[in-house]
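Enquirer: here is the input, now give the coordinates:
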Amino acid sequence: MYFVAKKFTLGKRERLKSRKQIEQLFTEGKNFPSSPFRIYYRLIPITNASSSNIQFGAGVSGKNFKRAVDRNRIKRLTREAYRLQKNPLQETLKETKLQLNLFFIYTGKELPVFNTVKEKVNVILNKLSKIVNESNSPNT
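Expert: This is a model prediction of the structure:
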């Protein structure tokens with residue numbers, strides 16, 4: 001029987017699904033653009049150890065992409081790129097004892113290829129790692 005390595009999964013607990021948390025993310029969280037994405041994030045001190053360090057979501061504007069097939073494809077590519085590259089950020093969050101709510105919104109106008117999405121997600125995750133380290137350093 002074949003098992004997937006645990007660290008490259010995007011499980012149920014790692015997905016940002018709570019309407020309340022998503023609302024808080026957009027109202028209280030911070031954001032920055034990183035073409036072709038806009039990233040919304042919110043750092044929270046960890047309350048219970050059982051929850052995941054990062055909760056992630058992805059969205060695409062229906063205004064730019066009329067067909068659901070295209071929107072779903074972009075979200076799928078974004079989730080896959082994130083899933084493959086999230087581990088360094090997760091380790092940083094474990095060390096700092098913070099939880100990160102994270103939402104990627106694709107703002108580009110044309111359908112992307114996986115390699116460009118992967119490169120952009122890598123840049124974004126590196127930037128978020130720096131933000132986490134900066135937010136933690138004054139506290140210690």
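Enquirer: pLDDT weak spots in this structure?
Expert: 1-6, 47-52, 137-140 (pLDDT under 70).
Enquirer: can you point me to the longest helix in it?
Expert: Determined from DSSP state H, the single longest helix within the chain is helix 114-136.
Enquirer: check which helices and strands that one sits against.
Expert: The elements that helix 114-136 packs onto, with contact taken as 3 or more CB pairs under 8 Å, 6 or more residues apart in numbering; DSSP states H and E, are strand 30-34, strand 37-45, helix 68-85, helix 87-96, strand 98-106. Bear in mind the C-beta positions are built from the backbone N, C-alpha and C, glycine included.
Enquirer: out of these, which gets nearest to residue 55?
Expert: Minimum separation from residue 55 across those (CB to CB) falls at strand 98-106, 5.1 Å.
Enquirer: adjacent strands (with direction) for the closest one?
Expert: Taking DSSP bridges as the criterion, strand 98-106 pairs within the sheet with strand 37-45 (antiparallel), strand 54-60 (parallel).
Enquirer: and the contacts of the first one?
Expert: Residues from elsewhere that reach strand 37-45, judged by CB atoms under 8 Å, 6 or more residues apart in numbering: 24-26, 28-33, 78, 97-108, 120-121, 124, 128, 131-132, 135.
Enquirer: and the shortest one, by the same measure?
Expert: The list of residues contacting strand 54-60 from outside it, by CB under 8 Å, 6+ apart, reads 10, 13-17, 21-22, 70-71, 74-75, 78-79, 82, 86, 89-90, 93, 99-106.
Enquirer: now do it against helix 114-136, angle only.
Expert: Put simply, strand 54-60 runs at 140 degrees to helix 114-136, going by axes from the mean of the first three to the mean of the last three CA atoms, to 10 degrees.
Enquirer: angle of strand 54-60 against helix 68-85?
Expert: Angle, strand 54-60 to helix 68-85, by the same axes, to 10 degrees: 150 degrees.
Enquirer: output strand 54-60 as PDB, nothing but the C-alphas.
Expert: Only the C-alpha atoms of strand 54-60 are listed here, as PDB (Å, rounded to 0.1, in the frame of the first residue of the first chain):
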ATOM      1  CA  ILE A  54      -1.600  27.800   8.500                       C
ATOM      2  CA  GLN A  55      -5.100  27.900   7.100                       C
ATOM      3  CA  PHE A  56      -5.200  28.600   3.400                       C
ATOM      4  CA  GLY A  57      -7.800  29.600   0.800                       C
ATOM      5  CA  ALA A  58      -7.800  30.700  -2.800                       C
ATOM      6  CA  GLY A  59     -10.200  32.700  -4.900                       C
ATOM      7  CA  VAL A  60     -10.600  34.000  -8.400                       C
END
